[in-house]
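Q: Sequence first, predicted model second:
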Amino acid sequence: MHRGLRRCRAYHGAMSVRMDNVGIVVEDLDATIAFFEDLGLELEGRMPVEGAWAGRVTGLGEQQVEIATMRTPDGHGRLELSRFLHPAVVADHRTAPVNSLGYLRVMFEVDDLDDVLERVNQHGGELVSRAVVNYEGVYRLCYVRGPEGILIGLAEALH
């Protein structure tokens with residue numbers, strides 16, 4: 001996160017875009033929900049998703065998925081956690097290094113980084129580099145691997 005990025009806006013006529021959620025596929029939905037609840041997200045809902053309509057959207061055909069939607073306290077950000085029952089998961093990127101291609105991590109801004117680290121540590125969360133860094137006196141930053149190797153970034157604004 002960089003303060004300059006917050007000020008950067010692109011306008012495309014009258015079109016507006018709002019990100020709804022980021023999807024993460026997991027094996028242990030209960031443990032992942034508990035991890036993100038301790039991070040400060042709230043469980044918005046949990047339900048099965050299956051049938052031909054879902055398969056048409058994803059291109060997977062008939063599928064059975066259990067999903068949980070986690071919401072940030074401000075209501076502006078969501079994670080959709082998915083556990084595929086059918087078809088089976090075909091790839092595993094949980095141990096991919098930070099410089100891997102593709103979607104890799106979600107960054108959260110938190111009020112008290114030390115408190116959050118203590119809470120996520122109780123769920124097996126580990127600092128990637130064993131360090132929290134100071135980014136130009138603007139943020140304290142770190143990457144954490146949570147349950148199943150999920151990579152998240154944490155940033156605390158320095159006032």
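A: Received the coordinates, thanks. Numbers count the residues shown, from 1 in each chain.
Q: how many neighbours does D112 have?
A: By the measure other Cβ atoms under 10 Å, the count of residues near D112 is 11. (Glycine included, C-beta is placed from N, CA and C.)
Q: which ones are touching it?
A: Taking Cβ atoms under 8 Å, 6 or more residues apart in numbering as the criterion, D112 is in contact with E156.
Q: Could you double-check that F35 lies in contact with P147?
A: Yes: assessed by Cβ atoms under 8 Å, F35 is found in contact with P147 at 5.1 Å.
Q: Low-confidence stretches in the protein?
A: 1-15 (pLDDT under 70).
Q: Count the neighbours of S16 for me.
A: Under the neighbour criterion other Cβ under 10 Å, S16 is assigned a count of 7.
Q: rewinding a little: between F35 and P147, which contacts overlap?
A: When Cβ under 8 Å, 6+ apart defines a contact, the residues bordering F35 and P147 alike are H123, G124, G125.
Q: Which ones among these map onto strands?
A: Among the shared contacts of F35 and P147, no residue falls in strands (DSSP state E).
Q: Return the subset of those residues lying in helices.
A: Of the shared contacts of F35 and P147, none are assigned to helices by DSSP state H.
Q: closest to N99 among the residues you listed?
A: The closest of the shared contacts of F35 and P147 to N99 turns out to be G125 (Cβ to Cβ; 20.8 Å).
Q: just so I have it, where are all the strands in this protein?
A: Going by DSSP E, the chain shows strands at 22-25, 42-50, 64-71, 78-86, 105-109, 126-127, 133-135, 139-145, 151-157.
Q: ok, back up a step: more neighbours: F35 and P147, which one.
A: A side-by-side neighbour count of F35 and P147, using other Cβ under 10 Å, places F35 first with 26 against 21.
Q: Please tell me how far the closest residue to that one other than its chain neighbours sits from L113.
A: Leaving aside its chain neighbours, F35 sits nearest to H123 (4.2 Å; criterion: Cβ to Cβ, 6 or more residues apart in numbering). Taking Cβ to Cβ, to the nearest Å as the measure, H123 and L113 are separated by 16 Å.
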